[in-house]
Every structure is written in C-alpha cells, then in structure tokens.
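Participant: What would the 3D arrangement of this be:
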Amino acid sequence: MSIAFNFCHRPFIVTFLYKEVTRYNDVVMILLRKDKSRAEIEEVGSYLYSLTINGKDVLLKGNKKNFTLGGMAILVPFTNRIREGKYTFEGKEYTLERNEEGNAIHGLILDKRFNVKEKSDDSALLEYLLSNKGYPAKIRVEVSYALGESSLETKISVTNIDNTSAPLVVGAHPYFLVSDDWKIEPKKVKKCLAVNHIPTGKMIDFDLSTNREYDDCFYICNSLTLISSYSSIRISSNNMCFYQIYTGIKGAVAIEPMSGAPDAFNNKIGLKILKPHNTTSYSFTISYISLF
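Facilitator: Here you go, the predicted structure:
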C-alpha cells in the first residue's frame, strides 16, 4: 500500500508493508482488530486515538489539536508537570519548554513521529529515538499495543543509548467514557499532597468516594476499577503504582497510570535512574468487565 501526504509542505509517498493503515489528514492511522474490538493508533506520539472493546467505545475519541484532551497519549520521559520546567540532574541544571501555567508538562514525545517496527492484525510496535537539549541522554522509546477480545495491553520500553544516565518516569493519559454515576475502586488510597498540582513529597490516606472533581496524583499499587452504568473498566499495571485522576472533561474521567509522581525529576517520587545502555519496561492492561 502506498499513501501520499504532505510533510513540511512537500508531498511524498510512503509505502507500507503491513496491513490496515489509513490516512487521516496528515496523520497515518494504524488499525488493530480482534473480533468485536478495535484500536486506532497514530504514528505521531504513538497516540491511541480510539479504543472499542467488545463493540463498546471505552475511550473518549482522540483530540487532534491536543492529544491530552482525549484518546490516550503516551508520556515519556516525564509525566504531568515539572515545576517551572527546571531540574538538576547529576550536578547539571536543565530547562524544558514551559506551558502557559509556567511548568513543563506531559513529556517530550507528544508531537514526535514514531516508526512502525512491527504490525499484525491485533498488535503493533512503534519506536522513536529521543534527543532533547533539556534532557541528559539519548533514549530509544518503544511502545507496543496488543489487542485482545476484551482488553488492550500497552507496554512502554525505554533504552538508554547514551553514555550518561537518564532520569525517567513514564505514563499514559487515557480518557474513559462514563455516565454520571461513576465511581472508582478501591476507595481507600494514598493521595500525594500538592501545591498548585506539584506534589510536596507527603502522602495522606484518602477516600475516593468523598469527592467528584480531581486533578490529583494517587498511589494505588494494585488494579483500579472505574465503574459506571455506561461500563466497567479495570486498569492493571506492572511497575506503575501512581495514578493521576482528572475530571475536567464532561462525560469522561482520565485515569493515568504512571511509574512516578508529577515533578519526579525534582521530588524523586518514583524516579528511575536509567544507566547507560540499560533498558527498562512498564506495562498496563485496560480490561472491559461488564455493563450493568
């Protein structure tokens, strides 16, 4: 299959050897199928644009103008915020691009075009080599998706291909469709105390049934279930014990599995130091459970 599209205002042809790839404007979309389930993945950001499990849409459709307002964005090498876009690593100060609130946010790969390394009917593996002046090392980021009849497994592997160490936190930013009666289990969790959405390093016991509005980080080192009369979704993670919960979009709840807390480059909560030429991997599975 050959697809023509415009990049930097110069048209060219890309030939794909794998199946089920379609063009959406300037973005190549990869389609996975498994019985009544399907997933659409964009090459840019390795972004999960949509997810249907057993014929049911479980994700809010992706937002092409802002990947973190729909679908599921992949966050590497940090998650959520870095305070004032500044941190010090191994004695050297680094500065990252900041948003309107004055912080760096959501990692460094959202707008990067990944290469598709492998593709089958129900799985895909994408890769990007990240080099950024605000980050100490060059890293290889691999994101794989495996679609099951009632689940989607996402795996994020990072290899340090440089001769210096690299600070690392990875995560994902999925928006789950819900009805107004949604609730989260377990109810009893640990909440990261924060000032202006930046964790202070302290945690407290918290009951998730006491509030309906969140933009907060929680420590939940088990599976988490989002239940509503629309559907029930379970997130089970490996090495990703932190969850950012965000309720800023009506009809959806973002539950973001992360390997560390926001601002981990400064507060060190969950921070991984990836040594030169080492690889580390994280994974989580979204499972559709039932309808009421």
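
Participant: make it CA atoms for all contacts and neighbour counts henceforth
Facilitator: OK.

Participant: doesn't residue 39 make contact with residue 58?
Facilitator: No - when contacts are counted by Cα atoms under 8 Å, residue 58 is not listed as touching residue 39 (10.5 Å).

Participant: Could you tell me the end-to-end distance of stretch 71-89?
Facilitator: Using Cα to Cα, to the nearest Å, the end-to-end distance of stretch 71-89 comes to 32 Å.

Participant: Mind listing what's buried along it?
Facilitator: Within stretch 71-89, the residues that count as buried by 16 or more other Cα atoms under 10 Å are 71-87.

Participant: Residue 265 should be in a helix, yeah?
Facilitator: Yes - counting by DSSP: H, G, I helix; E, B strand; the rest coil, residue 265 falls inside a helix.

Participant: Spit out the contact partners of it.
Facilitator: By Cα atoms under 8 Å, 6 or more residues apart in numbering, the residues touching residue 265 are 78, 82, 87-89, 167-168, 271.

Participant: where does the stretch 151-292 of the chain have low pLDDT?
Facilitator: Applying pLDDT under 70 to the stretch 151-292 of the chain flags residues 290-292.

Participant: could you show me where the strands are in it, in order?
Facilitator: If DSSP state E, counting those that start in this stretch is used as the criterion, the strands of the stretch 151-292 of the chain fall at 151-160, 166-168, 171-177, 183-185, 188-195, 198-207, 215-219, 224-227, 232-238, 242-246, 252-258, 272-274, 279-290.

Participant: Can I get the last one in PDB, CA atoms only?
Facilitator: Output in PDB follows, covering the C-alpha atoms of strand 279-290 (Å, rounded to 0.1, in the frame of the first residue of the first chain):
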ATOM      1  CA  THR A 279      16.600  -1.000  29.200                       C
ATOM      2  CA  THR A 280      13.500  -0.800  31.500                       C
ATOM      3  CA  SER A 281       9.900  -1.700  30.700                       C
ATOM      4  CA  TYR A 282       6.500  -0.800  32.100                       C
ATOM      5  CA  SER A 283       3.100  -2.100  31.100                       C
ATOM      6  CA  PHE A 284      -0.600  -1.800  31.900                       C
ATOM      7  CA  THR A 285      -3.800  -3.500  30.700                       C
ATOM      8  CA  ILE A 286      -7.200  -1.900  30.100                       C
ATOM      9  CA  SER A 287      -9.900  -4.600  30.500                       C
ATOM     10  CA  TYR A 288     -13.600  -4.200  29.800                       C
ATOM     11  CA  ILE A 289     -15.500  -6.000  32.500                       C
ATOM     12  CA  SER A 290     -19.300  -5.600  32.100                       C
END
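
Participant: Test my guess that residue 278 contacts residue 162.
Facilitator: No - taking contacts as Cα under 8 Å, residue 278 lies outside contact range of residue 162: 9.5 Å.

Participant: Between these two, point out the one with more neighbours.
Facilitator: Between residue 278 and residue 162, counted using other Cα atoms under 10 Å, residue 162 has the larger neighbour count: 17 against 13.

Participant: ok, that one to residue 138 distance?
Facilitator: Using Cα to Cα, residue 162 is found at 5 Å from residue 138.

Participant: can you list residues touching both of those two?
Facilitator: Common contacts of residue 162 and residue 138, defined by Cα under 8 Å, 6+ apart, are absent altogether.

Participant: Show me the beta-bridge partners of residue 188.
Facilitator: Counting by DSSP bridges, residue 188 forms beta bridges with residue 207.
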